[in-house]
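Engineer: compute the structure for the input listed below.
(one chain, ligands or ions: 1)
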Amino acid sequence: MSSELAAVARAMVAPGKGILAADESTGTANKRFTPLGIPETEEMRRNYRDMLFTMPEFGSYFSGVILYDETIRQNGRAGKSFVDVLQSDASFPGIKLDTGVQPLALAKPEEKITEGLDGLAKRVDEYVKLGAKFAKWRAVITIDEKTGIPTDACLHANAHALARYAAICQAGGLVPIVEPEVLSDGNAAQSIETSFAVHERTLHHVFNELHRLNVKYEEMVLKPSMVVPGQKSGSKASVSEVAERTLTILMRCVPAAVAGIAFLSGGQGDEEATAHLNELNVLGKKLGAPWPLTFSYGRALQHAALTTWKGDDKNVDAAQKAIHHRAQMNSLASLGTWSADAEKGLVLSR
Ligand code: 13P
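Structural biologist: Got it, this is the predicted structure:
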C-alpha cells in the first residue's frame, strides 16, 4: 500500500536520519533559558532555533523538525521563513498539535490527560497551508507503584485521544507522530520491571485504539519511551538490558506495518540515549525487527548546543558544532554503527 502520507512517513525514518524535537512551548523554552541567563523573549527563541536549523548539513541528519506554533510562523534571521529554511535543506517541518496536559478528572492524583482535540481538524488545515507535513501529540503516563498508577482508565483515555488525533491528522494530510511517553525522569522511582509492564499495557491500549479508529499504520510514526528504571529508583540498567526489554515490548505490541519508530530521550544523558539507540539497532537486526528504529530527541540533541550557545552570537559556530556532533552520533546509532571511538571523533565515516 502506498500513499503520499506513507511516503512522508517512510522518509521521516530514512536510513541514517532522525527527527529533531524543537517544539518546546514558550513556557518550556523559557524554563531552559532561565538558568543560562538567556533573555526570555521571542527574539531569543527565534535566534536559538535559527542557530539549530542553519547547522551545516542539517538535512543529512534530520529528516524533519517538530516545531511549536510560534516557530512555524517565524522567519529566521536571514529573513526566510523557518518552514522555507527547513524545506530548502530537504527537512520536513512538523508541528506539535497537543495543547499540553491537565489532571484527568475522577482519576487518581498525578494521572494526566493530554488536551487539544477541540477544533483540531481546522488547526490541521491551517498548519498544512503553512507547510507542515507531519505532527506530534504527546501522552504522558506517570508510574507510582505506591498509589497503583497508571490505572486502565488513564491508559484508555490517553490512547483514545492519541487515536482521535492520529485519525484527524491522516484525514487532513499530516503524518501523525504518536507519542505515548511513560515518564522515567523527575520523581519516577519505578523498577525496570515495572517500567517494562507499564510500557506493555500502554502500547496495547494505544494500538487497540488506533485500530478501532481506522488509523493507517503505514502513515504514522510511533515515538515511544525506552524501558529504563525511574531516575529516582536508585538502580541503573545496562545498555543491553534496556535494548532487550524495549525491543521485547515493541515486538509484542507494534504492528509491522507501522512506518517507523523514533524514540524520545526522556531525560537520558546525551551519550546514554545514543548508546541505547545503537544497541536497539544492533539487537533489532539480530531479531529481525520490522521497522526502522531512530531518534526524535529533544533534550539529548539540544542540551550541548544550548549550553554552548548561551544566547551569545559569538558562540553560534561552537553550538552548531555541538548539535552537529550529536546529530552525527545518533545517525550512526540509528544504523547500529556507533561506537565509543566514534563519540571521541576517532571514526568519522558513516
Ligand atoms: P525529549 O527527547 O527531551 O524527551 O523530548 C522529546 C519530545 O518530543 C517530548 O515530547
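
Engineer: could you list every helix and strand in contact with the helix or strand encompassing residue 66?
Structural biologist: Of the helices and strands defined by DSSP states H and E, residue 66 is found in strand 62-67. Under the contact criterion of 3 or more CB pairs under 8 Å, 6 or more residues apart in numbering; DSSP states H and E, the helices and strands touching strand 62-67 comprise helix 4-12, strand 18-21, helix 82-87, strand 92-96, strand 134-141. Placement of C-beta: from N, CA and C, glycine included.

Engineer: mind redoing it with 7 Å?
Structural biologist: The contact analysis (3 or more CB pairs under 7 Å, 6 or more residues apart in numbering; DSSP states H and E) places strand 62-67 against helix 4-12, strand 18-21, strand 92-96.

Engineer: want to throw these into TSV with mean pLDDT?
Structural biologist: Compiled in TSV, the helices and strands packed on strand 62-67 are given as follows (pLDDT from 0 to 100):
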stretch	mean pLDDT
helix 4-12	98
strand 18-21	98
strand 92-96	98
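
Engineer: dump these to CSV, plus mean neighbour count and distance to the ligand.
Structural biologist: Written out in CSV, the entries for the helices and strands packed on strand 62-67 read as follows (neighbours: other CB atoms under 10 Å; distance: least, CB to the nearest ligand atom, whole Å):
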stretch, mean neighbour count, distance to the ligand
helix 4-12, 19, 14
strand 18-21, 28, 3
strand 92-96, 26, 8
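
Engineer: which stretch among those comes nearest residue 275?
Structural biologist: The minimum distance between residue 275 and those falls on strand 18-21, with 15.0 Å, by CB to CB.

Engineer: so where do the helices sit in the stretch 251-350 of the chain?
Structural biologist: Listed in chain order, the helices found in the stretch 251-350 of the chain under DSSP state H, counting those that start in this stretch are 270-287, 299-309, 316-335, 340-343.

Engineer: among the ones you listed, which is nearest the ligand?
Structural biologist: When the helices of the stretch 251-350 of the chain are compared for distance to the ligand using CB to the nearest ligand atom, the nearest one is helix 299-309, at 3.4 Å.

Engineer: which bits of the stretch 151-300 of the chain sit near the ligand?
Structural biologist: Proximity of the stretch 151-300 of the chain to the ligand is assessed by CB under 6 Å from any ligand atom, with 179, 264, 265, 266, 297, 298, 299, 300 identified as the residues in range.

Engineer: I figured the third one hits residue 273, correct?
Structural biologist: Pointing back at residue 265 there. Yes. The pair residue 265 and residue 273 passes the contact test of CB atoms under 7 Å, sitting 4.3 Å apart.

Engineer: mutual contacts of those two, please.
Structural biologist: When contacts are counted by CB atoms under 7 Å, 6 or more residues apart in numbering, residue 265 and residue 273 are jointly contacted by 297, 300.

Engineer: phi and psi next, for the closest residue to residue 80 other than its chain neighbours.
Structural biologist: Excluding the flanking residues, the one nearest residue 80 by CB to CB, 6 or more residues apart in numbering is residue 88, at 7.7 Å. Dihedral angles phi and psi of residue 88 (degrees, to the nearest 10) take the values phi -70, psi -10.

Engineer: what do you get for residue 57?
Structural biologist: According to degrees, to the nearest 10, residue 57 has phi 60, psi 20.

Engineer: how about it, nearest residue that isn't a chain neighbour?
Structural biologist: Residue 57 sits nearest to residue 324 (CB to CB, 6+ apart), 6.9 Å away.

Engineer: same thing with residue 305?
Structural biologist: Once flanking residues are discounted, residue 305 sits nearest to residue 323: 3.9 Å by CB to CB, 6+ apart.

Engineer: show the pLDDT at the one you found.
Structural biologist: The model reports residue 323 with a pLDDT of 98.

Engineer: could you do residue 345 as well?
Structural biologist: Among the per-residue scores, residue 345 holds a pLDDT of 79.

Engineer: coming back round to it: what angle sits between the strand holding residue 66 and strand 134-141?
Structural biologist: Using axes from the mean of the first three to the mean of the last three CA atoms, to 10 degrees, the inter-axis angle of strand 62-67 relative to strand 134-141 is 70 degrees.

Engineer: alpha carbons only: can I get strand 62-67 in PDB?
Structural biologist: What follows is strand 62-67 as a C-alpha-only set of coordinates in PDB (Å, rounded to 0.1, in the frame of the first residue of the first chain):
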ATOM      1  CA  PHE A  62      17.400  15.500  10.300                       C
ATOM      2  CA  SER A  63      14.500  14.300   8.100                       C
ATOM      3  CA  GLY A  64      12.200  16.700   9.900                       C
ATOM      4  CA  VAL A  65      11.800  19.000  12.800                       C
ATOM      5  CA  ILE A  66       8.900  19.300  15.300                       C
ATOM      6  CA  LEU A  67       8.000  22.900  15.600                       C
END
